[in-house]
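Q: have a look at this prediction, sequence included:
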Amino acid sequence: MTKKLIVGNWKMNGSLATNAGLLQALLAGLNDDAIAVADVALCASSPYLAQLQTLLQGTALGWGAQDCSAHDSGAYTGEVAAAMLRDFACRYVILGHSERRQYHGENDDLVAQKAQRALAAGITPIVCVGETLADREAGRTEFVVKRQLSAVIHAVGHCASEIVVAYEPVWAIGTGRTATPEQAQAVHAVLRSQLKAASAHSSRNRILYGGSMNAANAAELLSQPDIDGGLIGGASLKADEFLSIIASCP
Ligand code: 3PY
């Protein structure tokens, strides 16, 4: 079985003081059993990456960012290049989260370019895909997630096996609604076959479920055959709950 990957998406939350407390509690609570079943990482806002690097270097917790630029460098005020994230030893960068697609107008091509930049900098992109409620109700779930993933697969070519995919149904983000394990598994199976068709090394790809995963629903979701981990929003801000999600990994 693929080792699970549990990633906290802190979104735009935290402060130097609260991050320090949370990280301390997580490090204290992470036991060998947890580390044996799951790789764990936290994705924070860029100003805090230096703090994560300082506090987490040499520990079992990895870290990453929540976005990067589609450009290498230059006149792009406010942007953060993937190579800059590398300077802070980021292992991951979340790309194409639905909040970025929705509030910042990110489209499939832009997300694909960002994934290329991340891989070129040696950072694993966590590429988010997911349908809106309207898409689901119109029977377009499979079409939408395949289109979103396909853009990235084409852009990264032979590196397709190096990406992590996160299936995050938009209707389950920040709403407290979660896809049932059966609904999530069905979409993960579609994504799995798309990744298989793209690369002979697709066994390296991990497909995470995201969208209101919490301590109460994690075990059932994580026991589905094609769910290789979770991208956790609000529940990653509470040490006890995040630890309990990690402990739910089969
Ligand atoms: C959520 O759990 O709401 C997320 O958006 C995780 O990325």
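A: Cool, the structure landed. Residues are numbered from 1 along each chain as shown.
Q: quick check: Gln224 touching Ala179?
A: No. In this structure, Gln224 is not within contact of Ala179 by Cβ atoms under 8 Å, at 10.4 Å. Backbone N, C-alpha and C define where each C-beta goes, glycine included.
Q: quick one: which of the two has more around it?
A: Ala179 (25 against 17; other Cβ atoms under 10 Å).
Q: next one: that one from Leu30, what distance?
A: 27 Å (Cβ to Cβ, to the nearest Å).
Q: the closest residue in space to Val80 that isn't next to it in sequence - how many residues pack around it?
A: Leaving aside its sequence neighbours, Val80 sits nearest to Ser46 (Cβ to Cβ, 6 or more residues apart in numbering; 5.3 Å). Number of residues near Ser46 (other Cβ under 10 Å) recorded here: 15.
Q: which parts of the lowest-mean-pLDDT helix or strand in the chain are buried?
A: When the helices and strands of the chain are compared on mean pLDDT, DSSP states H and E, helix 32-37 comes out lowest with a mean of 88. Buried residues in helix 32-37, defined by neighbour count with 16 or more other Cβ atoms under 10 Å: Ala34, Val37.
Q: which non-adjacent residue is nearest whatever residue of the chain ends up closest to the ligand?
A: The nearest approach of the chain to the ligand comes at Gly233, 2.6 Å away (Cβ to the nearest ligand atom). Distance criterion Cβ to Cβ, 6+ apart; nearest residue to Gly233, sequence neighbours excluded, is Asn9 at 5.3 Å.
Q: what separates that neighbour from Leu208, distance-wise?
A: 10 Å.
Q: any common contacting residues for the two?
A: Common contacts of Asn9 and Leu208 (Cβ atoms under 8 Å, 6 or more residues apart in numbering): Leu231.
Q: so which bits of this protein are right by the ligand?
A: Asn9, His97, Glu168, Ile173, Gly174, Gly210, Gly211, Ser212, Leu231, Ile232, Gly233 (Cβ under 6 Å from any ligand atom).
Q: now do the contacts for the residue lying closest to the second one once chain neighbours are set aside.
A: Think His97. Among residues not flanking His97 along the chain, Cys128 sits closest, at 4.7 Å (Cβ to Cβ, 6+ apart). By Cβ under 8 Å, 6+ apart, the residues touching Cys128 are Ile94, Leu95, Gly96, His97, Ser98, Val165, Ala166, Tyr167, Glu168, Gly210, Leu231.
Q: got it, and Leu110?
A: Ala70.
Q: do the same with Asp135
A: Thr141, Phe143, Val144.
Q: list only buried entries from the residues you listed.
A: Thr141, Val144.
Q: could I get the contacts of Asp135 as JSON lines with pLDDT and distance to Lys3?
A: Compiled in JSON lines, the contacts of Asp135 are given as follows (pLDDT from 0 to 100; distance: Cβ to Cβ, whole Å):
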{"residue": "Thr141", "pLDDT": "98", "distance to Lys3": "28"}
{"residue": "Phe143", "pLDDT": "98", "distance to Lys3": "31"}
{"residue": "Val144", "pLDDT": "98", "distance to Lys3": "29"}
